[in-house]
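Colleague: following is a predicted model, sequence given first.
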Amino acid sequence: MPAAKRWMDFNEENVKQLPNSYGVFQFANDKKEIVYIGEGKLKHNISMHFSDEDTAESIVYFRYRENDSKKSSKQRKNILLKEYREKNGKMPEFN
C-alpha cells in the first residue's frame, strides 16, 4: 500500500500546505520511481530535503500519509521499506 493515493509535485508551495502531523512519505524521481521513504513530522521533514542538494535534484514527486503517532509512522515506514525491498531486491536509492 503506498504512502498516499497520488503523487504531488515536489515544490515549496505543496510542501508549505502539508500538515505538521506525524506521517510517512515517499519521494520519487521523474519516472515516479521511489527514491526515498521517510517518516516523522511531515512539513518539517519533507521541507528539510530542499536544502539537501544530493537528494533535492533527484526528487520530482512526493506523496504522504498521516499517522496518529511517531511510533505508528516508524512502523509504517518499516513496512513500506520491507515491501519495496521484497519487490525490487534492494532499498530505495537514498535510504
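Modeller: Looks like it came in fine.

Colleague: what is the rounded mean pLDDT of stretch 22-39?
Modeller: The average pLDDT for stretch 22-39 rounds to 96.

Colleague: and stretch 18-37, C-alpha only, in CSV?
Modeller: Provided in CSV are the C-alpha atoms of stretch 18-37 (Å, rounded to 0.1, in the frame of the first residue of the first chain):
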residue,chain,number,x,y,z
LEU,A,18,1.5,20.0,4.5
PRO,A,19,0.1,19.3,7.9
ASN,A,20,2.6,19.4,10.8
SER,A,21,1.5,16.0,12.0
TYR,A,22,3.4,12.7,12.0
GLY,A,23,3.3,10.6,8.9
VAL,A,24,5.2,8.6,6.4
PHE,A,25,6.3,9.9,3.0
GLN,A,26,7.9,8.8,-0.3
PHE,A,27,9.9,10.7,-2.8
ALA,A,28,10.1,9.8,-6.5
ASN,A,29,12.2,10.7,-9.5
ASP,A,30,10.9,11.9,-12.8
LYS,A,31,9.8,8.4,-13.7
LYS,A,32,7.8,8.1,-10.5
GLU,A,33,10.3,5.5,-9.2
ILE,A,34,10.6,5.7,-5.4
VAL,A,35,14.0,7.0,-4.3
TYR,A,36,13.4,7.6,-0.6
ILE,A,37,10.9,6.5,2.1
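
Colleague: regarding the chain, what is its longest helix?
Modeller: Counting by DSSP state H, the longest helix found in the chain is helix 70-88.

Colleague: give me the distance between Phe94 and Gln26.
Modeller: The gap separating Phe94 from Gln26 is 11 Å, by Cβ to Cβ, to the nearest Å. Using the backbone N, CA and C atoms, a C-beta is placed for each residue, glycine as well.
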